[in-house]
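Visitor: sequence plus predicted model, see below.
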Amino acid sequence: MNDRQNNIVVGISGSRVFVKVQGKGNCQISQPFCQFSAEIIKRGFHEFIVDLADCSSMDSTFLGVLAGVGLRLMPASGHLHLANLNPRCREVVASLGIDQLSTVDTCDLSMAAPSNGGGAAAPSALRTLATTQPMPTDPESKARYVEMMIEAHSALMQIDPQNIPKFKDCVRFLAEDLEKLRAAQKNSGS
């Protein structure tokens, strides 16, 4: 079993946001990425380069967050570059229709500085945004986590009607869980 840590590392260079996924793009690193991307888009950044060269796989929540970023970039004529996907990740991105969003493209891209013959100049400083974390246990954090999962899977259904049968039950069950969490919070006086 691979104990490698799953990480998202981010940085900014000029008007571009760089995101590097290391390990698995999964639900455990999705919430910080979702929050970061929403905040950075509000701050006026509309070009994301997501380097997936070190990403071994992506689950539906992470893929839904990527789709959500693509949808949020549409009104601002922004762009999401999914770079350096392995064949398995490229296939799942295509099968869910994420690559068909007008704001998303899949590409191979060198992150080396242009003076070194590369493509996009990568940021000089990167910081770790998220590493694999245990699932939240307090009701408020659980509720935010479930809301993010609902939003992610709803984005997948929004981008391609063929995804509705794949994720509608998941969204329904998550919505039921969210109702129970909110009722428990209300009953406990939180």
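Guide: Cool, got the structure.

Visitor: out of the helices and strands in the chain, which is least certain?
Guide: The least trusted helix or strand in the chain, going by mean pLDDT, DSSP states H and E, turns out to be strand 127-131, with a mean of 61.

Visitor: quick one: contacts of the next helix-or-strand element following it?
Guide: Sequence-wise, the next helix or strand downstream of strand 127-131 (DSSP states H and E) is helix 139-159. For helix 139-159, contacts defined as Cβ atoms under 8 Å, 6 or more residues apart in numbering pick out 27, 30-31, 34, 60-65, 67-68, 70-71, 96-98, 100-101, 135-136, 163-164, 166-168, 170-171, 174-175, 177-178, 181-182, 184-185, 188, 190. Yep, even glycine has a C-beta here, placed from its N, CA and C like the rest.

Visitor: tally of neighbours for residue 47?
Guide: By other Cβ atoms under 10 Å, 18 other residues sit near residue 47.

Visitor: no no, residue 42
Guide: 9.

Visitor: that one: what's it in contact with?
Guide: By Cβ under 8 Å, 6+ apart, the contact list for residue 42 is empty.

Visitor: and the pLDDT for it?
Guide: Per-residue confidence (pLDDT) for residue 42: 93.

Visitor: phi, psi of residue 171?
Guide: For residue 171, the backbone dihedrals (degrees, to the nearest 10) come out as phi -60, psi -40.

Visitor: so it versus residue 148, what's the distance?
Guide: 12 Å (Cβ to Cβ, to the nearest Å).
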